[in-house]
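**Q** Based on what follows, work out the 3D shape:
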Amino acid sequence: MWRYRPVFREPDCSFLWFKQLGIYEAWPYRHDTRGTNRTAGKWRCGDYSRVELDYSIIGTFAPPEASGKCVYCNHCEPCPAGIDIGAVNKFYDLARIGDDMAREHYLALEKNAADCVSFGHCNSRCPFSVDQMNRMQEIKEFFDNGAL
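**A** As a prediction, this is how the structure comes out:
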């Protein structure tokens, strides 16, 4: 059963998205659909405190069985090696259940699990407590062994 969830304001959700992409400065204001400047104000990441920028609460929205499993949310990004961690995990999970095209898509990625430098940034950012460094090794071995 879902608990009460705090409501994020538009700037909160936008910052979460920008932060995932590694963009820490957004435009100074945004116009809504009516053309009024109602969201002007604090739009630069530096204008927010660490508490305001802590999105770890998002992990509490997921059911308990999601803990330790990648849900491809990309909160772990940006990866210093340039790996699209969500896509790598998605193709791996699909390949494990027999999706023949998943292997082709994985191999077509510019960077994949073999490029992981085990920096650990991803592990510390994951709201679902996924050990991505070990998972990247597991994924690398899976595809290196010609699974499928």
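**Q** According to the record, where do the domains of this structure fall?
**A** Residue ranges for the structural domains of the chain, counted by automatic domain parsing, are given in the record as 10-54, 85-144.
**Q** Please write out the alpha-carbon positions of stretch 96-104 in CSV.
**A** Extracted C-alpha coordinates of stretch 96-104, given in CSV (Å, rounded to 0.1, in the frame of the first residue of the first chain):
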residue,chain,number,x,y,z
ARG,A,96,18.3,-12.5,-19.6
ILE,A,97,14.7,-13.2,-20.3
GLY,A,98,15.4,-14.1,-23.9
ASP,A,99,14.9,-10.9,-25.9
ASP,A,100,17.1,-11.5,-29.0
MET,A,101,17.3,-7.9,-30.0
ALA,A,102,18.5,-6.8,-26.6
ARG,A,103,22.0,-8.1,-27.3
GLU,A,104,22.2,-6.2,-30.6
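**Q** Now do the buried residues in that stretch.
**A** By neighbour count with 16 or more other CB atoms under 10 Å, stretch 96-104 contains the buried residues 102-103. Every residue, glycine included, has its C-beta placed from N, CA and C.
**Q** ok, of the domains of the chain, where does mean pLDDT dip lowest?
**A** Comparing the domains of the chain by mean pLDDT, the weakest confidence falls on domain 10-54, with a mean of 50.
**Q** Just the mean pLDDT for stretch 64-84, thanks.
**A** For stretch 64-84, the mean per-residue pLDDT is 86.
**Q** if I look at K140, how far off is A113?
**A** Using CB to CB, to the nearest Å, one obtains 4 Å as the distance from K140 to A113.
**Q** higher neighbour count, these two?
**A** Neighbours were tallied for K140 and for A113 using other CB atoms under 10 Å; the higher tally belongs to A113 (25 against 17).
**Q** okay but the more buried one is in contact with I83, surely?
**A** Yes. In terms of CB atoms under 8 Å, A113 counts as a neighbour of I83; the distance is 7.2 Å.
**Q** Alright, calling it a day.
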